[in-house]
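Chemist: Give me coordinates for this.
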Amino acid sequence: MNKFIFVVTGGKEHIEELNFSLKFLRHFSKNEIIVITDSKRNEIKIEHESIIDVKTPTEFNNHQASIFLKTGIHKHLNPGNNYCYLDGDIVAINSNVDKIFEHYHFPITFASDHCIMKEFSPHAMNCNCVKNNLKEEDLFNEKLSQLFGKINLTNPQIKKQTEELLSIFVNYRNSPFKYLSKNISYLFKRYLLPLKSFYFHSYRFQKDNKCWYNSNNEIILFDYPYYEKKLWGTSGIRFNKEGNFWETKEGKKFEFKAPVCDHLTEYLKKEYKLSIPENWQHWNGGVFLFDDSSHEFLNYWHEQTIKEFSNPYTKTRDQGTLALSVWQFGLQNHPNIPQEFNWITEFANNDILWDNKKGYTRDGFNTEFKPSFLHIYHEWGNKDWSIWNSVIELSKKEDIT
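Modeler: Numbering: from 1, shown residues only. Modelled structure (predicted):
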């Protein structure tokens, strides 16, 4: 038999996510759904009937207890079945979800992650690479704040809004005849009409300080030519148009990219004698298929993960040890579950969108994408995000309560 498995224990917010996701999976799946938990740790009730209650070591915190249950999941289930593990933040959105079981490959099958090893590394190791990257952003925002007051242009949501507004301007400029009336309207409002401010799409332009604001009254963009000399004189920063980066008078560059490092691969090579390429597309622990033949792999993953709990250099996660397990078992080229069954939705990625008429896309609507599971690993409940709004609209349409 095919069965779905969730694991959760501890905090209210995690159980609320699970309860939400359970409603959708129960609605679309015909298979049994089981939840494994340590009920004594739970702050609120799990709204489900089929629950396996497992006592976890008291010395573990709730996060460690959840990982303990997840990596040791096979120890608490009946033999002779096909299982699909799902993180609590994975939402089923159609009846194709049951087809995921067709993609099992011996001895175990995971979905791939949305990043490669060197991009995941800073989030798996206590190496300060993420912290140092944030320091760069803080310094940049601090310098801008000297002129504008409180401002945070490196915030992912604000960056996304900035990029959206800039892309609208590019479209208007590249297709002047197509957007002729809108271009004329914009020019009149900005330069001719006696307005203190006006709206352009969903953003407000304030004429007195020549800044663009979002609906939360946060600055997302400013008229750079107007502020160029002031920025250089007050904050000591300017935008290098040729190099497409911000810089200080001392020549320091501000380049805001996701942090990357080699610390995870270096650690695994030193401690476990495994050489994993920094550009290897590692696996995501949010979805995996397993059966009785998966126990050897799961035992190793479980043992190494628990071992790393006591290591101050590695963060309490399961994906670093998952990469270790994959390469230890020679599965680095093993087939993965198709992306439609674990679509990792990134809020800051402007190509990942939903539209009521067009559906979902992962390339900015150049093509349509038809997922079955949405992995909403961050920005859960964000009403300003089309992906989250798609889930809410689906719940209304399907009467999922």
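Chemist: any idea how far Asn311 is from the residue nearest the centre of the chain?
Modeler: Central residue of the chain (C-alpha atoms, centre = their mean): Glu346, 4.3 Å from the mean position. Distance of Glu346 to Asn311, given as C-beta to C-beta, to the nearest Å: 29 Å. C-beta here means a position set from N, CA and C on the backbone, and glycine is covered the same way.
Chemist: okay, now the residue lying closest to the residue nearest to the centre of the chain once chain neighbours are set aside: neighbour count?
Modeler: Excluding the flanking residues, the one nearest Glu346 by C-beta to C-beta, 6 or more residues apart in numbering is Ile352, at 5.7 Å. Counted with other C-beta atoms under 10 Å, residues neighbouring Ile352 total 21.
Chemist: same check, this time on Asn81
Modeler: Using other C-beta under 10 Å: Asn81 sits among 15 other residues.
Chemist: Spit out the contact partners of it.
Modeler: Contact partners of Asn81, counting by C-beta atoms under 8 Å, 6 or more residues apart in numbering, are 1-3, 291.
Chemist: Buried ones only from these, please, as a PyMOL command.
Modeler: Of the contacts of Asn81, the buried ones can be selected in PyMOL as follows, counting by 16 or more other C-beta atoms under 10 Å:
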select buried, resi 2+3+291
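Chemist: Go through the contacts of Asn81 and flag which are in strands.
Modeler: Among the contacts of Asn81, DSSP state E puts 2-3 in strands.
Chemist: Tell me the one of the contacts of Asn81 nearest Lys397?
Modeler: Closest to Lys397 out of these is Asn2 (26.2 Å), distances taken as C-beta to C-beta.
Chemist: The closest one touches Glu102, doesn't it?
Modeler: No. Asn2 lies out of contact with Glu102 (C-beta atoms under 8 Å); the separation is 9.7 Å.
Chemist: Who are the packing partners of the lowest-mean-pLDDT helix or strand in the chain?
Modeler: None of the helices or strands of the chain scores lower by mean pLDDT, DSSP states H and E than strand 253-254, at a mean of 78. Applying 3 or more C-beta pairs under 8 Å, 6 or more residues apart in numbering; DSSP states H and E, one finds that strand 253-254 makes contact with helix 129-148, strand 245-248.
Chemist: contacting residues around the last one?
Modeler: If you take C-beta under 8 Å, 6+ apart as the criterion, strand 245-248 is touched by 140, 143, 236-240, 253-255.
Chemist: Phe120: which of those residues is nearest?
Modeler: For those, the nearest to Phe120 is Glu255 (20.0 Å; C-beta to C-beta).
Chemist: circling back: would you confirm that the residue nearest to the centre of the chain contacts His114?
Modeler: Yes. The criterion here is C-beta under 8 Å, and Glu346 meets it with His114 at 6.6 Å.
Chemist: May I ask you to confirm that Ser121 belongs to a strand?
Modeler: No. Ser121 is assigned helix when assessed by DSSP: H, G, I helix; E, B strand; the rest coil, not a strand.
Chemist: gap between the closest residue to it other than its chain neighbours and Glu163?
Modeler: Distances taken as C-beta to C-beta, 6+ apart put Leu264 closest to Ser121, at 3.8 Å, once the chain neighbours are dropped. Distance, Leu264 to Glu163, using C-beta to C-beta: 30 Å.
Chemist: Could you do Leu25 as well?
Modeler: Going from Leu25 to Glu163 by C-beta to C-beta gives 34 Å.
Chemist: Just want to know which of those two has more residues nearby.
Modeler: Leu25 (20 against 14).
Chemist: Report the separation between Thr345 and His375.
Modeler: Distance from Thr345 to His375, counting by C-beta to C-beta: 6 Å.
Chemist: the more surrounded of these two?
Modeler: Shown here are Thr345 and His375; by other C-beta under 10 Å, Thr345 has more neighbours (26 against 23).
Chemist: who touches Lys249 in this structure?
Modeler: Contacts of Lys249 by C-beta under 8 Å, 6+ apart are 232, 236-237.
Chemist: By neighbours, which of those wins?
Modeler: Most neighbours among these, by other C-beta under 10 Å: Ile237, with 19 neighbours.
Chemist: May I have the beta-bridge partners of that residue?
Modeler: Thr248 (DSSP bridges).
Chemist: Please tabulate the contacts of Lys249 in TSV, including the columns distance to Arg41 and pLDDT.
Modeler: Below are the contacts of Lys249 laid out as TSV (distance: C-beta to C-beta, whole Å; pLDDT from 0 to 100):
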residue	distance to Arg41	pLDDT
Trp232	55	86
Gly236	51	85
Ile237	48	86
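Chemist: And those residues, which is closest to Val91?
Modeler: So of these, ranked by how close each gets to Val91 (C-beta to C-beta), first place is Ile237, at 41.7 Å.
Chemist: As a check, name the ranges of all helices in the chain.
Modeler: 12-28, 62-71, 117-124, 129-148, 156-174, 180-187, 224-230, 263-272, 295-308, 319-328, 386-397 (DSSP state H).
Chemist: okay if I get the ones you listed as CSV plus distance to Ser202?
Modeler: CSV is the format used below for these (distance: least, C-beta to C-beta, whole Å):
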stretch, distance to Ser202
helix 12-28, 27
helix 62-71, 38
helix 117-124, 31
helix 129-148, 21
helix 156-174, 9
helix 180-187, 14
helix 224-230, 21
helix 263-272, 40
helix 295-308, 44
helix 319-328, 37
helix 386-397, 13
